[in-house]
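[1] Turn this into a model:
(chains A and B)
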Amino acid sequence: MNALRLLLLVLAGYLAIGCASETPDTCRGSLSGTLNAAMIDAESRLAEGCSYEFDRYFSELLIIAEANPDRRNPQHFSEFLLRQTANGTISRRTAEGLYNRYFNIKFVSLQGDYNTCSQTCPVRARVLSTMQNELKDKELGLLRVSNDAASFYRADHLYKEAELVLEATCRACEAGSRR
Amino acid sequence: MNTPRTSTWLTAALVALLAASVPAALANTNSGPVVRLFPTNVLEDIRATTQVAEDMENSLQEIIRRMDMQQQLYTESLCEGADGDQGCERIARQIGATYLQMLDVMSERLPEMEASVANTRDSLERRLREEIGLRTTPSSLQDSLVGQSPAIAAEAQPVLRGRSGVRLSDRFRQYQELVTTGRNGQSQSLTVVAADIYLDMADASQLIAATRQEIARTALMEQLNQSFGVITPEMAKVVGGVKQILFGEVVGDGPIAAPPNPIGEADYVSPLAM
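    The predicted structure is shown next:
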């Protein structure tokens, strides 16, 4: 009898531990509804310990916003990101990176504090390839989510200008280092 | 003692000073570091190259036109492969003679052109390296490119590479105009203009060097061919090279993005924005 009781206790304990270690259902489901409702839902889930799902939630919010493009969407995303920074879900740097990647004409991929000859030229092809990927995200953020064609075309133009200027500058840097 | 005349002069001088300083101050507030890509010596190089290109075009235009007409006559007379036809041989010799004349003019003019293009290329290379390569970070480069307002960017967008289709001298004249317009207030786009001119000059230098090499070889061959009246592929190649340098290529216009619908509300600026 005692052995049976012990076995039942062990089994109950095992089940309890097993259930606790599984992902709670609240974190798993997809976000839906309007952008505002989805953001509120995402925020409440993040507050309940689903912060590891932040990237997925952000992607889903973008998809929801894409279905309802609006010039005010960048502001909604900015405020959402700022609240997540205040809550400690993400760092300020991550928030800035995400906002600028999708909603700013400037490229996060073209940043740096050292001179262009030494910082960008040695990895020019990689920088341009990363900028090209970022341009696709800007197409989503600026054109499809925010309905802001002018800003997207400026970003596209900036990419082309940066490509031209970097080609010339890096060639000039290389010629200088050969002398 | 302040006479009315003196105060009038003073007022005029102050107004002039303000008129000159306000745009400069405004320009400084919305741009990054001041980049000096077109000092006087670079402008002089561009002007000199324009003149050399124009002289060369003028001296070659008539010869190339005559050669095109002779070539057309040769083709329309079905001379291709018509061996032994005396009329066709005569046309071929005439083409060869005109071709030699063109090579003479080229041999005479190309060294000056080559030197002038190389000067422009080298001076721009130095400015780009010093001003953009060494004195600018990737972030400030981006800031300076973004600095131009959308309206200015659309109006004064420089002719980017691959869109030539114009005479070399006209192209240089366009460069001069762009630089002058840029110096008068749109300083940001000058970086793109400088990059564009520099890359064009580097390509032109290579093309000129290759053409000079080809001229020496084909001139000798054509002198031999004159006795047989043969049109060689080398002739077509050199003429093609000359046309490319002087008169550009005809390239179709690229697609232009449609303007967006204007929306009246003020743009939102996020505290997260760069």
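[2] only C-alpha atoms for contact and neighbour calcs from this point on.
    Noted.
[3] From the contact counts, what lies against the one helix or strand A:Ala162 maps to?
    Remark: A:Ala162 resides in helix A:149-178, with elements defined by DSSP states H and E. Under the contact definition 3 or more CA pairs under 8 Å, 6 or more residues apart in numbering or on different chains; DSSP states H and E, helix A:149-178 sits against helix A:116-119, helix A:124-138, helix B:86-127, helix B:138-146, helix B:190-225.
[4] will you turn those into TSV that also has mean pLDDT and mean neighbour count?
    As requested, those are arranged in TSV below (pLDDT from 0 to 100; neighbours: other CA atoms under 10 Å in any protein chain shown):
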stretch	mean pLDDT	mean neighbour count
helix A:116-119	94	21
helix A:124-138	97	18
helix B:86-127	88	20
helix B:138-146	91	22
helix B:190-225	83	19
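[5] Would you mind listing what in chain A touches chain B?
    A:72, A:74-75, A:78, A:82, A:95-96, A:99-100, A:104, A:106-107, A:110-117, A:119-120, A:148-150, A:153-154, A:158, A:161-162, A:164-165, A:167-170, A:172-173, A:176 (CA under 8 Å from any CA of the partner chain).
[6] Write the ChimeraX selection for whichever of those are buried.
    To isolate the buried members of the residues of chain A next to chain B in ChimeraX, using 16 or more other CA atoms under 10 Å in any protein chain shown:
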select /A:74,75,78,82,95,96,99,100,104,106,107,110,111,112,115,116,117,119,120,148,149,150,153,154,158,161,162,164,165,167,168,169,170,172,173
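[7] number of nearby residues for B:Asn58?
    Neighbour count of B:Asn58, defined by other CA atoms under 10 Å in any protein chain shown: 10.
[8] helices and strands of chain A: which one has the lowest mean pLDDT?
    helix A:2-21 (a mean of 51; mean pLDDT, DSSP states H and E).
[9] could I get the helices and strands packed on helix A:149-178 as TSV with distance to B:Glu57?
    Output for the helices and strands packed on helix A:149-178, formatted as TSV (distance: least, CA to CA, whole Å):
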stretch	distance to B:Glu57
helix A:116-119	38
helix A:124-138	38
helix B:86-127	10
helix B:138-146	35
helix B:190-225	14
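[10] So which of the ones you listed is nearest A:Glu66?
    helix A:124-138 (11.9 Å; CA to CA).
[11] which SSE is the residue most central in space within chain A in?
    In chain A, the centroid-proximal residue (CA atoms, centre = their mean) is A:Leu98; its distance is 4.3 Å. Secondary structure assignment for A:Leu98, by DSSP H and E: helix A:92-103.
[12] That helix to helix A:124-138, inter-axis angle?
    Interaxial angle of helix A:92-103 relative to helix A:124-138 (axes from the mean of the first three to the mean of the last three CA atoms, to 10 degrees): 70 degrees.
[13] Take helix A:92-103, keep the C-alpha atoms, and write them as CSV.
    The C-alpha trace of helix A:92-103 is given here as CSV (Å, rounded to 0.1, in the frame of the first residue of the first chain):
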residue,chain,number,x,y,z
ARG,A,92,17.1,50.8,-26.2
ARG,A,93,19.7,49.9,-28.9
THR,A,94,17.6,47.0,-30.1
ALA,A,95,14.5,49.2,-30.2
GLU,A,96,16.4,51.8,-32.3
GLY,A,97,17.8,49.2,-34.6
LEU,A,98,14.3,47.8,-35.3
TYR,A,99,12.6,51.1,-35.7
ASN,A,100,15.3,52.5,-38.1
ARG,A,101,15.6,49.3,-40.0
TYR,A,102,11.9,49.4,-41.0
PHE,A,103,10.8,53.0,-40.7
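[14] Show me which residues of the stretch 51-200 of chain B sit near chain A.
    Applying CA under 8 Å from any CA, we find that the stretch 51-200 of chain B lies next to chain A at B:125-126, B:128-129, B:132-139, B:142-143, B:145-146, B:150, B:191-192, B:195-196, B:198-199.
[15] ok, back up a step: for B:Lys237, find the nearest of the helices and strands packed on helix A:149-178.
    helix B:190-225 (8.9 Å).
[16] Report all helices and strands that the closest one contacts.
    On a contact count with 3+ CA pairs under 8 Å, 6+ apart, helix B:190-225 meets helix A:149-178, helix B:86-127, helix B:168-183, helix B:233-247.
[17] Kindly recompute the last result at 10 Å.
    If you count contacts as 3 or more CA pairs under 10 Å, 6 or more residues apart in numbering or on different chains; DSSP states H and E, helix B:190-225 packs onto helix A:149-178, helix B:86-127, helix B:138-146, helix B:168-183, helix B:233-247.
[18] Just give the nearest non-adjacent residue to residue 127, would you?
    If you meant another chain, say so; for now it's chain A. Closest residue in space to A:Val127, ignoring its immediate chain neighbours: A:Ser109 at 6.5 Å, by CA to CA, 6 or more residues apart in numbering or on different chains.
[19] To clarify, I was referring to chain B.
    Distance criterion CA to CA, 6+ apart; nearest residue to B:Arg127, sequence neighbours excluded, is B:Leu37 at 5.5 Å.
[20] so the one you found makes contact with B:Thr191?
    Yes. At 7.2 Å, B:Leu37 and B:Thr191 qualify as touching, with contact defined as CA atoms under 10 Å.
[21] Any chance you could list residues touching both of the two?
    Taking CA atoms under 10 Å, 6 or more residues apart in numbering or on different chains as the contact rule, B:Leu37 and B:Thr191 both touch B:128, B:131-132, B:179.
[22] Looking at those, spot the one nearest B:Asp55.
    Nearest member of the shared contacts of B:Leu37 and B:Thr191 to B:Asp55, counting by CA to CA, is B:Val179, at 22.3 Å.
[23] right, so of the helices and strands packed on helix A:149-178, which gets closest to A:Thr26?
    Among the helices and strands packed on helix A:149-178, the nearest to A:Thr26 by CA to CA is helix A:124-138 (28.2 Å).
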